[in-house]
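Novice: Model the structure of this input:
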Amino acid sequence: MKRVVWFAILLSICSPAAAGLREGVVAMQQGDYATAWRELRPLSESGDAAAQYYVGLLHAQGRGTAQNDVEAAKWYRRSAEQGFAPAQNNLGVLYNTGLGVGEDFAEATNLFRRAADQGLAAAQSNLARQLASGRGGPKNAAEAAKWFQRAAKQGDPNGQNGLGALFANGEGLPKDNVQAYVWFNLAAARFPAGPARDQAVGNRDRVAKLLTPAQRAQGQQIAAAFQPQPETPAVAAAPAAPAASAPRPATAAPNPVLAAPSDPAGVSADQVRGAQALLAALGYDPGVADGTLGAKTRAAISAFQERVALPVDGQISAPLLARLRDAATAAGLNVPGQASRSTAVLPPSVRPQQPATQERPRTAGPTMTGSGSGIVISRDGHILTNNHVILGCQEIRARPPGAAAAVPVAVVAFNQGDDLALLKLPSPAPGYARFRDGSTIRAGEDVVVVGYPLRGLLSSDASVTTGAVSALSGLRDDARYLQITAPVQPGNSGGPLLDMSGSVVGVVVSKLNALKIAQTTGDIPQNVNFAIKTTTARKFLDANRVPYETARGGAEMRAADIGDLAKGFTLSVECWK
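Specialist: Okay, here's the model as predicted:
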């Protein structure tokens, strides 16, 4: 099948319109954006769908004209309404990021689908990501797999990397580490140097450790034999230029089809500097906060994007800036002047906690900077913990019960408002917790806390403490929490609060700052600690379709026996930077 490249629209010179379009595209290829603008703008005004798309691209990138996302969206829309797939895809990216239009995940998904149906690989990958994450509609791993497969078979590295992830996690497809290795390997070979390639290489290498030498050799043979199978899109002709229905292959124009925001044009130096400051304050290393989107800053952005489940592209976008502000606020950092989520302009007054001119000491690899606890809550290996336990981490590891070492775990979802995060082990877990069902917890009931407090100072074994439920709400009568008397230390966060039959009735989250309260009241509070109620935790798990189990109250057990039971599903969660 002869490949038809969407964005390479070099037409035979059979009309002035076709000649103008050809000259405009060639000028873009050569970096002569003033000429490209001069040739393409009149054609776009006359209704040429391809020219409208390229004019939108010039506006989006600020080349040949002032950068203007609103104008970019206008021209993409005019082209998209004529069925031009690259314009449909790029307009979808704008709706996904809130640049130039109001953020609308459902409309983004609709646009990606229209372009994907026409065979555009970038749109197929974008649509698959929407379906896999539940953006713009319900999650659908099976359909996501279908679109990742179509994009991957065309040779799209984003599709290959996404398909590898589904095989590795057994989501939408049967778990198959050999196939995961094949697709991660292909993605790593096709991505250009940068954060996306680094991620694919990391994925490939992690899966490779799970394979036998024979399986790795098999995967390498499959990858070596791979040949892209491009789909031939049905090109819709623009009314004013019928010749546009017959594109021919040619050299691509720069960044014409977006798998994600791919150009920092239009992002001010103050926005970049603000993002660098927040990244540094959250524990990442973006380099010097100089307002330049360099390699170190892109790498830090990519690490943060992976942490918060944003598309990993190492670029500044409205959702990235908003998530950075949310993360900083949740971490208690001083973030002045909340900006609109549609623009998320960061004030230049936000600065890192250490001087911007100093780079962090370089190490041979990441080091563990903190830890908490987690609860295995499904046969599939899902882990429930606190969001603040994993905030700002470049890599998260968990030590399964009985394991000699911690293993990397994936971040599935998080909720900053409720301080909950969902992780997943690379393989099913032998033991898992059950939530209490039936009667609700009452004030005065005895409870047990299990976790891994003060790692490196106290015992490396799980600790078991006892106490009682002292109140059915938290600070300022927050109904999401229980107040408990069981002793809690740093590192207990994310661990289980258990009733006397061994069922989970809460997720340990915090303790009062005794010194701060003493400064205010003149008295030191004793054993005032908090746990997130299971009603809140189960809503979070339900929203992410986790197959947890419940149990009605059974025979009362001794605290020591409950501790032994809980050690089979309570694990240490490590933050690495």
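Novice: what about this structure, any weak spots by pLDDT?
Specialist: Along the chain, segments meeting pLDDT under 70 span 1-19, 232-270, 281-283, 289, 306-309, 326-366, 454-460, 510-527.
Novice: So which residues make contact with stretch 169-177?
Specialist: 132, 140-145, 165-168, 179, 207, 210-211, 215, 380, 410, 424 (C-beta atoms under 8 Å, 6 or more residues apart in numbering). Just so you know, the C-beta spots here come from the backbone N, C-alpha and C atoms, and that holds for glycine as well.
Novice: Just the buried residues of the residues you listed.
Specialist: Buried residues within these, counting neighbours by 16 or more other C-beta atoms under 10 Å: 132, 140-141, 143-145, 165-168, 179, 207, 211, 380, 410, 424.
Novice: Can you give the domain ranges for the chain?
Specialist: Using automatic domain parsing, the domains assigned to the chain come out as 9-104+234-252, 121-232, 267-357, 365-577.
Novice: Tell me which of the ones you listed lies nearest to R114.
Specialist: Of all the domains of the chain, domain 9-104+234-252 sits nearest to R114, with 4.9 Å by C-beta to C-beta.
Novice: Skip the chain neighbours and tell me the closest residue to P195.
Specialist: S302 (3.5 Å; C-beta to C-beta, 6 or more residues apart in numbering).
Novice: And for that neighbour, the neighbour number?
Specialist: For S302, the neighbour count with other C-beta atoms under 10 Å is 22.
Novice: right, and F530 touches I484 too?
Specialist: Yes: using C-beta atoms under 8 Å, F530 makes contact with I484 at a distance of 7.0 Å.
Novice: More neighbours: which of those two?
Specialist: Set side by side, F530 and I484 show more neighbours around I484, with 26 against 23, by other C-beta under 10 Å.
Novice: Can you name the residues that contact that one?
Specialist: 447, 449, 467-470, 497, 506, 527, 529-531.
Novice: Now with 7 Å, please.
Specialist: Listed by C-beta atoms under 7 Å, 6 or more residues apart in numbering, the contact set of I484 reads 447, 467-470, 497, 529-531.
Novice: Kindly present these as CSV, with separate columns for secondary structure and distance to Y284.
Specialist: Shown next, in CSV, are those (DSSP: H, G, I helix; E, B strand; the rest coil; distance: C-beta to C-beta, whole Å):
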residue, secondary structure, distance to Y284
V447, strand, 37
G467, strand, 37
A468, strand, 41
V469, strand, 38
S470, strand, 39
L497, strand, 32
N529, strand, 30
F530, strand, 29
A531, strand, 30
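Novice: so which of those comes closest to T570?
Specialist: Among the contacts of I484, and counting by C-beta to C-beta, the member closest to T570 is L497, at 11.1 Å.
Novice: quick one on the thing from earlier: among the contacts of stretch 169-177, which lie within strands?
Specialist: In this view, the contacts of stretch 169-177 that belong to strands under DSSP state E are 410, 424.
Novice: Output the domains of the chain in JSON lines; the columns should cover distance to F112.
Specialist: Shown next, in JSON lines, are the domains of the chain (distance: least, C-beta to C-beta, whole Å):
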{"stretch": "domain 9-104+234-252", "distance to F112": "5"}
{"stretch": "domain 121-232", "distance to F112": "4"}
{"stretch": "domain 267-357", "distance to F112": "12"}
{"stretch": "domain 365-577", "distance to F112": "21"}
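Novice: Backbone dihedrals for the nearest residue to D290 once chain neighbours are set aside, please?
Specialist: Counting by C-beta to C-beta, 6+ apart, R273 is the residue found nearest to D290 once chain neighbours are left out, at 7.0 Å. Dihedral pair for R273: phi -60, psi -40, per degrees, to the nearest 10.
Novice: Surely R273 is in contact with V288?
Specialist: No: using C-beta atoms under 7 Å, R273 is not in contact with V288; the gap is 9.7 Å.
Novice: Compare these two and say which is more crowded by neighbours.
Specialist: A side-by-side neighbour count of R273 and V288, using other C-beta under 10 Å, places R273 first with 23 against 17.
Novice: neighbouring strands for the host helix or strand of T466, and are they parallel or not?
Specialist: Counting by DSSP states H and E, the element that carries T466 is strand 463-471. Paired neighbours of strand 463-471 in the sheet (DSSP bridges): strand 446-451 (antiparallel), strand 481-484 (antiparallel).
Novice: starting at the chain centroid, how far to the last one?
Specialist: So the one you mean is strand 481-484. Taking C-alpha atoms, centre = their mean, to the nearest Å, one finds strand 481-484 lying 31 Å from the centre of the chain it belongs to.
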